[in-house]
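>>> how does the following fold in three dimensions:
(chains A and B)
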Amino acid sequence: IMCASAKYNTRGPALIPRMKTKHRIYYITLFSIVLLGLIATGMFQFWPHSIESSSDWTVEKRSVHDVPVVKLPADSPIPERGDLSCRMHTCFDVYRCGFNPKNKIKVYIYSLKKYVDEYGTSVSNTISREYNELLTAISDSEFYTDDVNRACLFVPSIDVLNQNALRIKETAQALAQLSRWDRGTNHLLFNMLPGGPPDYNTALDVPRDRALLAGGGFSTWTYRQGYDVSIPVYSPLSGEVDLPERGPGPRRYFILSSQMALHPEYHLELEALQAENGESVLILDKCTNLSDGVPAVRKRCYKNQVFDYPQVLQESTFCVVLRGARLGQAVLSDVLQAGCVPVIIADSYILPFSEVLDWKRASVVIPEEKMPEMYSILQSIPQRQIEEMQRQARWFWEAYFRSMKAIALATLQIINDRIYPYAAISYEEWNDPPAVKWSSVSNPLFLPLIPPQSQGFTAVVLTYDRVESLFRVITEVSKVPSLSKLLVVWNNQNKNPPEDSLWPKIRVPLKVVRTAENKLSNRFFPYDEIETEAVLAIDDDIIMLTSDELQFGYEVWREFPDRLVGYPGRLHLWDHEMNKWKYESEWTNEVSMVLTGAAFYHKYFNYLYTYKMPGDIKNWVDAHMNCEDIAMNFLVANVTGKSVIKVTPRKKFKCPECTAIDGLSLDQTHMVERSECINKFASVFGTMPLKVVEHRADPVLYKDDFPEKLKSFPNIGSL
Amino acid sequence: MQTRKKYIFLTFLASWLLLFLFGGDQLRRFAFFSGRKAEARGNWPRWTDRSLLKSFADAEELQRDGDPSLPSPRQRRAAWLSVYRSRRCRMETCFDFSRCEKHGFKVFTYPQERGQPVSGTYGKILSSIERSRYHTANPEEACLFILSIDTLDRDHLSGQYVRNVDEKIRGFPLWNGGRNHLIFNLYSGTWPDYDGDLGFDTGQAILAKASFHTESFRPGFDISIPLFSKDHPQRGGDRGWLYQDSVPPKKKYLLVFKGKRYLTGIGSGTRNALHHIHNGKDIISLTTCKHGKDWEKHKDTRCDKDNIDYERFDYQELLHNSTFCIVPRGRRLGSFRFLEALQAACIPVLLSDGWELPFAEAIDWGKAAVVGSERLLLQIPSAVRCIHPERVLAFQQQTQFLWDAYFSSVDKIVHTTLEIIKDRLSPHRSRSRFLWNALPGGLQVLPDFSTHLGDFPFYYLQHGYGPSKKFTAFVRAVSQAGSLSQPILRLIQAVSGSQYCAQIVVLWSCEKPPPPSGKWPQTTVPLTIIQGRRQLSDRFFPFEAIQTDAVLSLDEDTSLSTSEVDFAFLVWRSFPERIVGFPTQSHFWDPEQGRWGYTSKWTNELSIVLTAAAFYHRYYHSLFTEYLPAGLRELVDGLAACEDILMNVLVAAVTKLPPIKVTQRKQHKEVVAQQAEAGSRRFSQRQDCLNQLADWFGYMPLVSSQLRLDPVLFKDQVSVLRKKYPSLEK
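Predicted structure coming up:
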C-alpha cells in the first residue's frame, strides 16, 4: 500500500525501432487508411444519433412505473428493531471499506423496485422527488460505486423519507429481503419525518436492525452519537423560492415567529412576549380569509396584514423555530435561507449535522422553560455577533441545507470522516464561510514557543564565484556565538568550489552543497543539512554586520519565530498616479519588508517557498534573477498575517566590492523591476498580504545612558 | 512476402469498408446491448417522469407540524422527568437549573467527615474546587454539589475502595436523589469484565469519569475525564516536551508502543496483536507478558522472545523520539499513556473502540490525535505514514496546546469539568467549539465577557478582524490633596492630544471627593470620572465606561508625551494580546535564596511592564476580576504594590509571551528608579508578591524579552525632518 502522494511514474518514453524507409511509408499509409476507416465508421454510425441516443444507451429511458414489482409474502422476515447500543465499532463492518489512498468510502445504491404485499397493494409510493434527487446526487458523486462487491455502504432505494407515506411492517420486510441486507449492516436509511400519531417517536419506527439512520428530528434519547447522522428536514421552498442574500445588519423586526399550528401554550408565551415588547415582535399565523387559488403555504397573516412567506423571514433579525409534534422542522431551512438567526426552542433536539457543525455560531438555543426570557437573552447578544450569525446561518443553508444533494453529500462525508479519521475534513472547512476562509489566516506555527537558545541557527550563504568575499563572510559569521552550522550553497555549475584546505577554519561544521542550476530559489531550499529551526540567509558579500548585530537578530527571532527578522527594511506604497504598487527603499518611518541579504526565519518557510509558493512566482523569480526576497516577504506575511521585524538601525548593505557598479541608472531600473515584482505578486496572491509597521527592534538598553560594557549588545548602531 | 502483406492489409481495409457500409446497424445493436448490460451496473437512472414525482411531504404537512391531541409542552416536560431518569438522564430531566439562577454557578463541597480519609488524588480534586472562583461554603446558594466520599476508585478489590457508599449517601440531607451532584471517578468495575458500574446508586448525579464507554455515557450530561496518576500535580504542572517546531517534524521513530500484553481477559485482543506491526526500524511495538503474579501460568510461545525485546528499549526514550504513540485500551478504555503521549507531543494513535474521549464535548480530538480502530490495527502504519508533514506539525502543536490548556494539572482537569457544566446552564452564553480548540483555550476565555470573538484579543488574525482604532486612557488618581496636581493636568493634556484617544476615564481613588467638573481641564475627548472603592485591584475592574479594545493604563504622576502615546498605541495594535508599555522591570531566579528575585534596575532584559504607563486589551480587566479567585485579589489588596505584577503574570500565563517595551524619553525612567530606591519596603513587598504568585500559579509564568521597539528612524543620523517621532529622542 502506498500513499497517494508517493506515486510517481518513473518510466521514460518508449523507444521506436527504426524501420527501412521504404516499408515505413507503406506501413504508415496503410495504418492511416485503417485509422481513417475507423474514424469514419465511428462518425457516420454513431454521431448523428448521439444527442438523443447517448442517454439511450448509457442510461435507459424508463419511467419509475416500469420498475420490477416485488411481491412480499406476509410471512417474510422482519428485521429487529433498531439497536440503541449500536456504534461504529460494534455494528458497522469496517472491513468492507478497506484502506485506499483516496480515503473515500464506496457507496452502492440498490436498483429501484416496486414492493407490493400479497394482495398486490403497494407498500409505499415508489419514490419521492426528493429521494430521487438524493440518490441521483449520490450516484453522481465520487462516493458512488456500481459494484456491489466493492461497496462499503449500501443505500436502499426504498424511500423512507416520510414515515407517514409508508406501511411500517411491509417496508421493514422489503428492507430485510435486500440482497446484502445482513441485519442492516452498513446500510444507510434517510428519514426526515419520523414518528406518527399518537406518540411521534423521534426516530423512524420501521424496524431496521443495525442500519445507520440519517434522520431529521432525533432527540438525545434516540440519537446514537457517532453512529446515526442528524440531518435537516428538507424544505421544498429552497428550490422554489429564490431569496437573495441580504447584507447583515438590523432588520425591521427583532423576533419573528412564522410557524403555523403551534401548540396553544407556545402561542400564549409568544403573545406574552409581543405584549411586553411591542412591534419588534411579530407573530404570524395561518391566513384565514385568503381568496381561492392563493397557496396557503406561501402566505402568513398577522391580524389583517398578509405577508409573503418565506420572504417575510428576511425582515427579522431572529426567527423562532419551535418544536411541533416532531422535533425537526422544515422551517429551520427557510429561516437559514433568509439569513435570519434561528432561535431554536426544542428541548433535547439534536441539531442537523451537529457532529460537525458548530451551531453556536449560527443559532441561539433556548430551553423551553426559558421562553419568557427570550427577549432579554437575545438582547444581550452583541450586534457584531448577530451580524456574523446571520452570515453563518445563510452559509449553513447554502452549504448543507439548500438541496437534497447538499444533504446527501454532507451525510456521506460525515460517515467518511469516521472511517478515515486521519483524512477527515477539519472544523474550519465545515464551519467557516468563504468570506472568513478568505480573510483569515491559519498560522502553521501557531504554538507560542520561544525556541531554546542552545539550538542556535544555521547560516546559509548563497554564492556564485566571489570566493574572497565569501571567505570573509564565513569568518565574520563564525564569530556569532549562536551559530551552529554554516551551509554554503554553491550556485556555480561551471566552477568547482575551492579545495577543502583553502576554506577558513571555523569552530562549527561547514558544509558545501552544489546545485544543479544557478537559480535564486536555491537559497530557500529546505536542505536536510539545516537541522535548526532558525535559518540565517546571508549573501556572500554581507561582511559589515557585527557579531552583536547578528546575535541580537537571532535573539529577536527567538521571540518572533514565525516572522522574518531582518536588517534593512523596505516599504511598499500605493502609487495613486499610476494606480499600482511601488517599491520604496528611501529611509522611511515605516517598513513592510526586510531584505533577505541577511535575515533570520524559520526553516518551515523554506518548505513553503519551495513547495507551496502560489502561482508561478517561483519560476518568475528564477527567470528574472530578482525579487526572491520580496517573494519570501509575501509568503510569510500571507500565511501568518503578521508583519516583519526589522532589527537594529541598519539601513542598507554596503559592500566595498560593489560600489563601482552602484550607479544611479542601474539603481533606477532595479527599482522599477522591484515595483513590478510587488504588483505581480500581489496579483498572484489576490491580495496585498504585507503589513506596514512603524517599529523596529533594538536591544533594551540601546542608546540609553548606561555603561556600554554592561550592555548585552553594545556593538550595534551603524547604518 | 511483400505482396502477401499487401493483400492482407487490403483485405483488412476492405472489411473495414464493408463494416462501414453495412455493419453499422449491427454495431449499434451491439453497443446497445453492452449499454443495457452497463445499465444494470450503471448510475442511478434519469427517470423520464422524474419531474412528475411527488414530493416526500406536501408543503402543508411540512409547515403545519402540530397535533392538537398531543399533551401540552408543560405536561410533556413534566412526564419526561419521571421517564428519563438514572441511565437516561439529561440536563433537562435530571438537573435542577433553578438552583443556579439566583447565585450563579456556585459549587459546594461536602465537609470532610472525621474518620473518613480521602485519597491524595481526591484531596487534590477537592482542593482544586475549593480554590476555584466558583466555590461556596454555603449549600443554600450552591448549584453543584461534590461529595466528600472518595469515589475515585470503585474497584472493590482495591485498597482505596470505600464500602457502604449507598448507606452513607442516604444519610446526606442534601443528596436529593443525586440531583445537581457531580461524582468523580477514575476506576470502575473489576476483574474480569471491568464494567462501568460504580457499585452504588448514583441516581441523578452527573458522572465525571475516566474510561467512559460511549454506551453508558449520557451525552450532554456526563463528562469523560482523562485518567491521571496520583502524582499528577495539583496546579501549574509541567509544560509539554515540544520545545521547537522541527522541520521536518518526523522524529527518529514513526510509531511506538511499549507496554503490557494481557494474555487473557478483556482488552487482551488488541494488546496481543500489537506485535504484528513491529518492524524493528521505525515502528517499535513491544509487549511484555510480565504482569500480575501468575503470568507464567498463561504464558505463550512468544512471551520469552517478547520479554527480551521489551527490555532493550526505554519507554521514556521512545516517548521522546517518536512522532506517533499507540495508545491502546488497557483493561479499561483509558490509560495513563494518553496523557503521557499528549505531554510528549507524541501524537496519540488511539486504539480503544467505544471510548468516549476526554472532554469530547469541548475538545476536537481530530486536531490532535489519530482515532484509530482496534479492528484496523494493521492499517495503522500505512495510515500514519500518509499523514502529511504539515499536518503532523499541526498535530504536534495542538497536543501541546491541549495539554497545557486542559490537562497538565488537577486544577485544569477539574476546572475544565466545571466550565463544561457551566456552559450548559446558559447555552447562549457559552463557548463555541472554536473557542475551546484555539489558543489560549476555553478556561481563559470568559463567555460572560462576550460571546463575540472580535471582543477578545486572541482571534483577530484567525477571523480577519482588527482591534479598534482608538484607545481609552484610564488614569488612577490616589493623591490625598483632593485637588488636581500639575502632573495629572499635564498628563491629561498630553494624552488627549493623541489622535487615537477616544476618551479619558479617571478612577478617583481618594478619600476626598473629586473636584467639580469645572476644575478639570478642557479636552477634545470626553472625560469621565469614576469613584473607586479605594482598593488596589480596583484599577483592573472592568468598568462599563471603558468602551474601546485598548486601555492605556496610567498613574496620575506618569509623565508621557503625545508622540510617545501615539507610537506605543501603534505598536500595541500589532501586538493586541500583550502588554505594551514604557517603564519595565524584570524577574530572575535567585539560586542562593532559592526563590524568585525581582529588580527594577536597568537590565538587558525585561519581563514586567509597569501598568503606570501601559497599553493592554480591555479584556484583561475582566480576566483579572472574574477569572482570578477572590483570594488572589485579596492578597493583592493586602500588599502595597503587587497588582501590576499580578496583571503581568496573568497576561503572561494566558499568552506565554513576554510584554513589549517601547521607546520612552529618559526622564520618567529616573522617576521610577528613584521611587524604587526610596521604598525598600515596597521593594521587598514586590518580591514577596512575585513569589506568592509563582506559588499560586504553580510555576513562574513571566517570560523575559531582550528587545525594545523603537521608531524605525530612532536616533538615526538623518535629518530630524524625516522623522515621525523626533521628540522621543530628547
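>>> distance of the closest residue to A:E80 other than its chain neighbours from chain B?
Excluding the flanking residues, the one nearest A:E80 by CB to CB, 6 or more residues apart in numbering or on different chains is A:D209, at 4.6 Å. Where you see a C-beta, it was placed from the backbone N, CA and C, and this is true even at glycine. From A:D209 over to chain B the distance is 17 Å, taken as CB to the nearest CB, to the nearest Å.
>>> what about A:D209, distance to B:F714?
Noted for A:D209: a distance of 76 Å to B:F714, by CB to CB, to the nearest Å.
>>> next one: B:F336
54 Å.
>>> so which of the two has more stuff around it?
Between B:F336 and B:F714, B:F714 has the larger neighbour count (other CB atoms under 10 Å in any protein chain shown), namely 22 against 15.
>>> ok, how many other residues are close to residue 343?
All of this refers to chain A. A:V343 has 24 neighbours, counted by other CB under 10 Å.
>>> right idea, wrong chain: chain B
B:Q343: 22 surrounding residues under other CB under 10 Å.
>>> same question, the one 3 residues further on
Other residues near B:C346 number 28, with proximity taken as other CB under 10 Å.
>>> helix/strand/coil for the residue nearest to it when sequence neighbours are not counted?
Take B:C346 and drop its neighbours on the chain: the residue closest to it by CB to CB, 6+ apart is B:C325, 3.9 Å away. Here B:C325 takes the strand state, with states given by DSSP: H, G, I helix; E, B strand; the rest coil.
>>> wait, B:C325 sits on B:L351?
No - the pair B:C325 / B:L351 is not scored as a contact, 10.9 Å apart, by CB atoms under 8 Å.
>>> and those two? Which one has more around it.
Neighbours were counted for B:C325 and for B:L351 using other CB under 10 Å; B:C325 has more, 27 against 24.
>>> which residues does the more buried one contact?
Contacts for B:C325 (CB atoms under 8 Å, 6 or more residues apart in numbering or on different chains) come out as B:255-257, B:318-319, B:337, B:340-341, B:344, B:346-349.
>>> and it, what's its pLDDT?
pLDDT for B:C325: 96.
>>> what separation do you get for it and B:I283?
Where B:I283 is concerned, B:C325 sits at a distance of 11 Å (CB to CB).
>>> quick one: common contacting residues for these two?
B:L255, B:V256.
>>> lowest-pLDDT helix or strand in chain A?
When the helices and strands of chain A are scored by mean pLDDT, DSSP states H and E, helix A:50-58 comes last with a mean of 41.
>>> repeat that for chain B.
Per mean pLDDT, DSSP H and E, helix B:24-41 ranks last in chain B, at a mean of 47.
>>> and the next helix or strand past that helix?
Following helix B:24-41 in sequence order, the next helix or strand is helix B:59-63 (DSSP states H and E).
>>> what helices and strands are in contact with that next one?
Applying 3 or more CB pairs under 8 Å, 6 or more residues apart in numbering or on different chains; DSSP states H and E, we find helix B:59-63 packed against no helix or strand.
>>> gap between it and the chain center?
Mean-position distance between helix B:59-63 and its chain equals 44 Å (CA atoms, centre = their mean, to the nearest Å).
>>> next, the buried residues of the following helix or strand past that helix.
Using DSSP H and E, the helix or strand that follows helix B:59-63 towards the C-terminus is helix B:73-83. In terms of neighbour count (16 or more other CB atoms under 10 Å in any protein chain shown), helix B:73-83 has its buried residues at B:P73, B:R77, B:W80.
>>> okay, now the unreliable bits of the chain?
Since no chain was named, I'll use chain A. Within chain A, the stretches with pLDDT under 70 are A:1-24, A:34, A:37-60, A:654-666.
>>> that was the other one, I meant chain B.
Using pLDDT under 70, chain B drops low at B:1-5, B:9-10, B:12-41, B:480-482, B:666-679.
>>> so it: which segments form each domain?
Using the TED database, the domain ranges for chain B come out as B:76-209, B:253-405, B:471-665+B:675-709.
>>> rewinding a little: list just the nearest of the contacts of B:C325 to chain A.
B:V349 (9.0 Å; CB to the nearest CB).
>>> tell me the SS of that closest one?
strand.
>>> just give me the neighbour total for it.
B:V349, neighbours per other CB under 10 Å, totals 25.
>>> now the residue lying closest to it once chain neighbours are set aside: phi and psi?
For B:V349, ignoring the flanking residues on the chain, the nearest one in space by CB to CB, 6+ apart is B:V370 at 4.6 Å. Backbone torsions for B:V370, taken as degrees, to the nearest 10, come to phi -100, psi 110.
>>> swap in the one 4 residues further on?
Dihedral angles phi and psi of B:E374 (degrees, to the nearest 10) take the values phi -60, psi -30.
>>> residues near it, how many?
With other CB under 10 Å as criterion, B:E374 counts 18.
>>> now it: how far from chain A?
Going from B:E374 to chain A by CB to the nearest CB gives 7 Å.
>>> pretty sure that residue contacts B:G354?
No - with contact defined as CB under 8 Å, B:E374 does not count as touching B:G354 (9.0 Å).
>>> which neighbours do those two have in common?
A:H89.
>>> so what's the residue nearest to A:K691 when sequence neighbours are not counted up against?
Take A:K691 and drop its neighbours on the chain: the residue closest to it by CB to CB, 6+ apart is A:S643, 3.8 Å away. Residues counted as contacts of A:S643 (CB under 8 Å, 6+ apart) are A:R563, A:V591, A:S592, A:A637, A:L690, A:K691, A:V692, A:V693, B:S574.
>>> of those residues, closest to A:T411?
Nearest to A:T411 among the contacts of A:S643 is A:A637, at 39.2 Å by CB to CB.
>>> give me the neighbour count for that closest one.
Neighbours of A:A637 (other CB under 10 Å): 22.
>>> same thing with the one 5 residues further on?
Here the count is done by other CB under 10 Å, and A:K642 has 20 residues near it.
>>> please enumerate the helices of the stretch 401-550 of chain B.
Shown for the stretch 401-550 of chain B, the helices assigned by DSSP state H, counting those that start in this stretch span residues B:410-425, B:433-437, B:460-463, B:486-496.
>>> is residue 651 in a helix, a strand, or coil?
Using chain A. coil.
>>> that's the wrong chain, I meant chain B
Reduced to three states with three-state DSSP, the structure at B:V651 is helix.
>>> tell me how far it lies from B:Y460.
Noted for B:V651: a distance of 16 Å to B:Y460, by CB to CB.
>>> what does A:K485 give?
For A:K485, the distance to B:Y460 - CB to CB - is 37 Å.
>>> next one: B:C689
32 Å.
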